[in-house]
Structures are given as structure tokens and as C-alpha cells.
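# can't give you the sequence, but here's the structure:
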């Protein structure tokens, strides 16, 4: 852990290679008047909107919509199966079936999907406006860095992992309440240095609505991941008799009341994962690199948090300009990984666009213990 002490509050960082833009954002956070104790920056951190992705923030009496971000409830789910081997032809067959069962990118289901949560959605306009479309978005992967991966664990078993979020729910809620926070801060003459850090005092109606809507988006995101896992396992029919363990689920974009340093505070995790001593979590690598099932260590200085992945080392357009398509394909092919990189537009999600996951894991040995290493066999990107 490194400490930056030049601002009103310390910045505690678990990395050596933080980019200038992310550090500047961390300094903005450290100078906010309602920050509690310090700002924690995880080893996968990189620049985001307003707040670094890979940042953890404790606040007194306010919630910051953009310190959660636009993909509320984005997270991971992983399931261990009783299978111990799949060959390349079997993986290709399974991945073909997955593509038939799980809509990718901007695609939605043609029919409404079933989830009991639709019937108890909060009576908040931005939520109610999205219910009809959300019925067809449940169980869809989305785009960007979201993925479905088949993996072989160091425990000898085949695992399945899904990375996805809350689709349009999260985006609309974040935009709605970030805009309201900006308007209210302007009315109160409380504008912050960066308008993307506009805040809502917790006693306001807007803050209460935001937290209720955010928690509903978390539930939706989890239900969506569970449905995708079910469809992936459906795609694996034909392997008679295999069973699965209970799914491991973890969010990495959310805010929650927690108790730290003898105070009840609102913890914002934006691209960061809960890592209490009783928490089994998931830290994915990039396409073609290992992922990890971990157990937290309840490190107080990180607000009981750890990284949410490898973290980007270059932007999407930069990756498309600078990475070699043939080199990135060769890396995956040499490992026998079934993948979907075909042209330069796919390079934004190539392994070369991300930090070295082994370095990231090495920087957080005081935050988590590794339980299982997961090596990719086949990867579907959104």
C-alpha cells in the first residue's frame, strides 16, 4: 500500500502504475468535504468518469451516483461443475448453443422473461419506465467487457463464469440521479470541483429514491446473471450426470451502508469488490488470462475491498490502433482457447488492452487469499 498525503484526506493505493488521470480523480475525491478517513484505490484502477474505476469511497451523510457509475450492479457469477474435462470440439459446440440461448451485445430476447422481481418494482418513475424493456433484457449479456467463459480450475473441475450488469436499468437510474444531484448542488451553491461528483444528502427524497432504485437494479443484475448461468448449463446438456455447486455472485458497482472505523458510512465501490473475511469473491482476468476465486481478508484500510478484475491499461480506441491483431490471436491460439477475436474492432477487449492480472493479484495479497485459479477454455464477449 502506498499513501499520497498531499490532499485533505490521504489516498491509499495498492498499485505502482496509476495513470495521471486516475490519480487526479483520486485527488478530487480526497478533497471532498464529506469524505471519511481516506480514499482507497485498488490495484486494477484506471480513469473513469468522475471517480477512478477501482476506487472505494466512504462518505458521511451523502451518496454520489457517479461514484457507483452507470452500470449499477455490474458483477460476476461463477459456478463449479462436476465435469473435469472438455475438448475443443465440445467447447465449440457448447459456445454455439450459448449464442442461441443468450442474446449478446445490443440484442434482447424476443419474448418477456420471468422474474418475480418485476411484480414488486419500486414505484419510482425511472424504474417503472424501464420495466417493459427490462422483461426482454433479463438474461442478456450486453456489450463492452461483459463475457461468458468456460474455464478449467486448479481444483480439477470445469467452471462457468458470467460478467454482466443491469443493462438499461443501471444506465437510466445513474443518469437520472446524477442530473438531479447536479441541479440540487447548484441550487444549494454546493458545486463540487467535478460535476460528475455531484452528491445527494442522505436525508433528501432524491437520495432515498436513488438508493431504492439502485438496490432494485442490483437485484435485477443478479437475477439476469443467474438466468444466463442457467442457459449456459442448458447448453451443456448431453454431459449426463454432471452437477453444480451453489453459484458465487459478487457486485462491483454499488453503494451500501457499512460500519468502518467506528462509524456508519456509505461505502461506494466503483469497480471494486467486497472482501470481508467471510466473503468468497471473483476476480476475473482479461480474455486469455486466468481468473480467480478468492476469499477476503477484511483489510480495514481498503474498507474490506479488493480489485474487480485486471483493469485496463489502454483505452478502447487506443487498443484498436496500437495492438497487433495477429499477435493477440496468436496468444489465444497458442493456449488452445476458443475465442471470438477476428478483426481490429475486437482488439479493445484483447488481453493486451489490460493490465497483467498476476501483477494485480500480487499487489493485493493483503486483501485476499486465492482459493482457485481458473484458466480459460472458451470465451464469448458481448
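Thanks, I have it. Given the structure is predicted, the values throughout are model-derived calculations rather than measurements.
# so where is the stretch 201-350 of the chain shaky, pLDDT-wise?
240-241 (pLDDT under 70).
# cutoff 80 now
For the stretch 201-350 of the chain, the stretches with pLDDT under 80 are 238-243.
# Could you do the stretch 51-200 of the chain as well?
Within the stretch 51-200 of the chain, the segments meeting pLDDT under 80 span 191-193.
# can you give me the helices for it?
88-101, 125-128, 131-137, 167-187 (DSSP state H, counting those that start in this stretch).
# Turn these into CSV, including mean neighbour count.
For glycine as for every other residue, the C-beta is placed from the backbone atoms N, C-alpha and C. Converted to CSV, the helices of the stretch 51-200 of the chain look like this (neighbours: other Cβ atoms under 10 Å):
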stretch, mean neighbour count
helix 88-101, 16
helix 125-128, 15
helix 131-137, 16
helix 167-187, 20
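# mind putting those helices in a markdown table, distance to residue 147 included?
Putting the helices of the stretch 51-200 of the chain into a markdown table (distance: least, Cβ to Cβ, whole Å) gives the following:
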| stretch | distance to residue 147 |
| --- | --- |
| helix 88-101 | 11 |
| helix 125-128 | 27 |
| helix 131-137 | 17 |
| helix 167-187 | 15 |
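# buried set for stretch 33-42?
Applying a neighbour-count criterion of 16 or more other Cβ atoms under 10 Å, one finds 34-42 buried in stretch 33-42.
# So for that stretch, mean pLDDT?
The pLDDT scores in stretch 33-42 average 97.
# so who does the closest residue in space to residue 313 that isn't next to it in sequence touch?
Using Cβ to Cβ, 6 or more residues apart in numbering and skipping the chain neighbours, the partner closest in space to residue 313 is residue 355 (4.8 Å). By Cβ atoms under 8 Å, 6 or more residues apart in numbering, the contact set of residue 355 is 17, 44, 310-313.
# If we only consider those residues, which is nearest to residue 366?
residue 44 (15.3 Å; Cβ to Cβ).
# Does that closest one fall in a helix, a strand, or a coil region?
strand (DSSP: H, G, I helix; E, B strand; the rest coil).
# and it, how many neighbours?
The local packing of residue 44 (other Cβ atoms under 10 Å) involves 30 other residues.
# Now it: closest residue in space, sequence neighbours ignored.
Nearest to residue 44 is residue 311, by Cβ to Cβ, 6+ apart, at 2.9 Å.
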